[in-house]
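Undergrad: Sequence and predicted model, in that order:
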Amino acid sequence: PSTEQADLNDKKQIYEQTFRTAEYFCIAPEVERLLGWRRERQGYVPIRPDARGWLWSEELGLWLGAWEGRFFGEPHTWVRFYTTEGDLVLLPEEAERQRAEAAEQRAEAERQRAEAQAAARAAAEQRAEAEATARAAAEQQLAALAARLAELEAAQRRVQD
């Protein structure tokens, strides 16, 4: 059973005249209709929806609009709050999930950065080892050539003497 008639008549009148609530909103099932009123001198005046069908709440400084998704495990069209820029205002569990996902992404990025640094260090060490090996081989070859040169010079002196 729908409470739409009571919400649009009796309850609206109570909120307007008894409680003098600044704004009053009614949401039809499945958010087929989103209605709102703002209190002015003469009483409630309808709030005009924007092109998206959203209603602006001056009291909250937020938009009220339809949102398709899962809430309490139920897939549905729900009324949600949106910022002035049109961004969805996250529920606490959504914000926590978003923070956890961001933390996981930061941790993964840090792990990848550490792996890249370790790989760069390993590559630098390999280059240094290869250079040391090449230097040692060059020094051995130079020593061998110097020894051979000394032998040839000694042989040349003997021939000349």
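TA: The structure has been received and is ready for your questions.

Undergrad: Check which helix or strand residue 107 maps to.
TA: In this structure, residue 107 sits in helix 92-160 according to DSSP states H and E.

Undergrad: check contacts around residue 44.
TA: 12, 16, 24, 37, 38 (C-beta atoms under 8 Å, 6 or more residues apart in numbering). In short, each C-beta sits where N, CA and C put it, glycine included.

Undergrad: redo that, cut-off 6 Å
TA: 16, 37 (C-beta atoms under 6 Å, 6 or more residues apart in numbering).

Undergrad: Just say helix, strand or coil for it.
TA: strand (DSSP: H, G, I helix; E, B strand; the rest coil).

Undergrad: distance of it from residue 23?
TA: Distance from residue 44 to residue 23, counting by C-beta to C-beta, to the nearest Å: 9 Å.

Undergrad: Show me what the helix holding residue 107 is packed up against.
TA: For helix 92-160, there is no helix or strand it packs on, judged by 3 or more C-beta pairs under 6 Å, 6 or more residues apart in numbering; DSSP states H and E.

Undergrad: Use 226 as the first number from now on
TA: In the new count, where the first residue is 226, that last one comes out as helix 317-385.

Undergrad: From the chain's centroid, how far away is it?
TA: 37 Å (C-alpha atoms, centre = their mean, to the nearest Å).
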